[in-house]
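S.K.: can you look at this prediction? I've put the sequence above it.
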Amino acid sequence: MVSELNKRHSRWYEQLVFSLIFQLIAGWLVVAYLPAVVLWDALYWSDLSITERNSLIGVSIVIVFSIVTLRKIFRYPGTITAAYILPTLIGLYALLFFILVIGRIDYARSLLLTSGSILVILCFFGQRLANKHARQKLAVVPMGRTSQLHDFKNASFHQLTQPALGNTRYNGVIADLHANLPAEWQLFLAQCTLARIPVYHYKQIMESLTGKVKLDHLSENQFGMLTPNPYYEGLKRFIDLVAVFITAPIIIPITLLTAIAIRIESTGSALFTQERVGQGGRTFRIYKLRSMVKDSEKDGAQFAQEGDMRVTRIGAVIRKLRIDELPQFWNILKGDMSLIGPRPEQEAFVLEFEKSIPFYSYRHVVKPGITGWAQVRHGYAANADDTQEKIEHDFYYIKNYSLWLDIQIVIDTIRTVLTGFGAR
């Protein structure tokens with residue numbers, strides 16, 4: 001049985017490795033080596049000057065990071081789209097340019113521009129081809145809670161009628177591994193695993209398709225998986241500080257000009273402060289530019305609603321563009337917050353949600369952020385039901401806590417600011 005499965009079904013992991021190696025080699029030849037040959041008429045490394053060698057090395061590194069980063073980002077829901085390609089490539093080439101300039105390293109601008117243009121074209125072309133073959137064909141074991149999967153159109157699900165795959169090639173098999181499966185189905189799943197055909201628990205697929213971790217599927221003994229990687233926490237803190245210092249010359253003038261406009265329009269301080277709950281359940285004072293009238297919460301904490309009359313004219317603009325959040329860069333410097341993470345809530349709301357929403361307090365395992373997965377996927381929460389859905393997105397973020405997901409959130413945040421999605 002196992003040998004037959006091996007013959008009929010491709011070894012997906014070998015294809016994955018081969019695909020990555022092929023992309024890296026082909027990408028380097030087309031994007032770096034051939035442009036260098038054409039521009040400098042040099043076939044060999046010894047024919048290149050120091051400036052040309054520096055440029056070729058820099059472009060080669062960008063190619064590797066571009067391919068790996070885009071492959072990682074496209075694992076997450078809603079990312080098989082050209083909208084992520086250009087920002088990612090621009091960001092990586094901008095970082096290369098920054099390193100070359102700060103390090104006073106000689107480089108050839110012609111290669112950077114040429115290779116960048118070619119890489120953008122290749123990535124868009126490859127994305128179009130990928131879209132044609134993006135729908136995975138997955139076999140579903142018809143027992144337990146797998147019936148929920150048929151509500152999604154992102155993949156092609158084929159329900160099995162017997163413990164066999166037949167002659168059809170599948171990208172994987174989905175089963176409810178917590179269900180009481182008959183012996184023949186258990187044997188079938190074991191044989192699939194031995195034949196290197198991926199066997200997924202249905203919850204993995206549900207999370208991948210929705211970008212959420214359903215609260216009613218969790219139990220206390222599962223929260224070890226929600227513990228963030230401590231090494232990435234340290235790297236993320238470093239990235240936060242670097243980002244704050246680099247953007248400070250832009251952020252500070254915008255904040256000051258906005259503060260002046262707020263004071264001209266209405267009485268009261270331009271700065272709004274409030275106690276929020278952060279990592280580990282500890283409270284801290286958050287800073288925002290005031291977007292509402294003075295004493296807007298004198299009657300107690302409350303959600304902002306669509307068309308809220310408390311919001312000023314200037315406030316409506318800065319909330320849409322997220323300018324009111326800029327003072328929170330000070331919170332990042334203090335270590336209260338990160339650029340990316342679950343949004344911190346007021347203590348009154350936290351106490352209420354901990355009573356009504358299961359496992360709510362687990363979202364405090366990471367630092368809160370100015371933007372986050374829930375903000376770009378769901379938008380603003382106006383009530384307890386919205387908050388529960390946002391918590392499910394927050395848990396997905398914590399479970400998949402990584403640089404690649406943060407990069408996608410940054411790209412989505414830029415798009416969110418430009419469209420005003422979720423602002424109130």
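M.R.: Arrived safely, thanks for sending. Treat the numbers as computed from the prediction; the structure is a model and nothing was measured.

S.K.: low-confidence stretches in the stretch 151-300 of the chain?
M.R.: 151-155, 216-226, 294-300 (pLDDT under 70).

S.K.: can you list the domain ranges for this protein.
M.R.: Domain assignment for the chain, taken from automatic domain parsing, gives 2-132, 137-210, 230-295+304-419.

S.K.: mind checking the longest helix of this protein?
M.R.: helix 230-265 (DSSP state H).

S.K.: tell me the buried residues in that helix?
M.R.: 236, 239-240, 255, 258-259, 261-262 (16 or more other CB atoms under 10 Å). No exception for glycine: its C-beta is placed from N, CA and C like everyone else's.

S.K.: then stretch 174-190?
M.R.: In stretch 174-190, counting by 16+ other CB under 10 Å, buried: 174-177, 181, 185, 188-189.

S.K.: taking the residues you listed, tell me the two that lie furthest apart.
M.R.: Asp176 and Phe188 (13.9 Å; CB to CB).

S.K.: which neighbours do these two share?
M.R.: Each of Val141 lies in contact with both Asp176 and Phe188 under the rule CB atoms under 8 Å, 6 or more residues apart in numbering.

S.K.: hang on, the earlier thing: pick the one among the buried residues of stretch 174-190 closest to Phe353.
M.R.: Within the buried residues of stretch 174-190, the smallest distance to Phe353 is 29.6 Å, found for Asp176 (CB to CB).

S.K.: the helix or strand following the longest helix of the chain vs helix 230-265, what angle?
M.R.: For helix 230-265, the succeeding helix or strand toward the C-terminus, using DSSP states H and E, is strand 271-277. Per axes from the mean of the first three to the mean of the last three CA atoms, to 10 degrees, the angle that strand 271-277 makes with helix 230-265 is 150 degrees.

S.K.: residues making contact with strand 271-277?
M.R.: 259, 283-292, 327, 344-347, 350, 364, 368.

S.K.: one more: stretch 173-191?
M.R.: The contact list for stretch 173-191, computed with CB under 8 Å, 6+ apart, reads 1-2, 5, 138-141, 143-146, 149, 157, 163-165, 192, 197-202, 205.

S.K.: are any of those residues buried, and which?
M.R.: Buried, going by 16+ other CB under 10 Å: 5, 138-141, 144, 146, 149, 157, 163, 165, 192, 197, 199-200, 202, 205, out of the contacts of stretch 173-191.

S.K.: and the residue lying closest to Ser361 once chain neighbours are set aside, what helix or strand is that in?
M.R.: Leaving aside its sequence neighbours, Ser361 sits nearest to Glu354 (CB to CB, 6 or more residues apart in numbering; 5.6 Å). Assigned by DSSP H and E, Glu354 belongs to helix 347-356.

S.K.: any chance of the buried residues of helix 230-265 in a markdown table, with distance to Ser115 too?
M.R.: Below are those laid out as a markdown table (distance: CB to CB, whole Å):
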| residue | distance to Ser115 |
| --- | --- |
| Lys236 | 29 |
| Ile239 | 25 |
| Asp240 | 30 |
| Thr255 | 37 |
| Thr258 | 39 |
| Ala259 | 43 |
| Ala261 | 43 |
| Ile262 | 45 |
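
S.K.: quick check: the two most widely separated of those residues?
M.R.: It's Lys236 and Ala261 that sit farthest apart of the buried residues of helix 230-265, by CB to CB, at 33.0 Å.

S.K.: what's near enough to touch Val293?
M.R.: Counting by CB under 8 Å, 6+ apart, Val293 touches 266, 268, 310, 312.

S.K.: and if you look at Leu160?
M.R.: 139-142.

S.K.: can we see that at 6 Å?
M.R.: Taking CB atoms under 6 Å, 6 or more residues apart in numbering, we find Leu160 in contact with Ala139.

S.K.: quick one: it from Arg75, how far?
M.R.: Leu160 is 25 Å from Arg75, where distance means CB to CB, to the nearest Å.

S.K.: then Leu289?
M.R.: For Leu289 relative to Arg75 (CB to CB), the value is 36 Å.

S.K.: tell me which of the two has more neighbours.
M.R.: Using other CB atoms under 10 Å as the criterion, Leu289 and Arg75 rank with Leu289 on top: 24 against 14.

S.K.: that older thread, so how far is Ile391 from the residue nearest to Ser361?
M.R.: Glu354 sits 11 Å away from Ile391, going by CB to CB.

S.K.: more crowded one of those two?
M.R.: Ile391 (23 against 14).

S.K.: fine, thanks again, bye for now.
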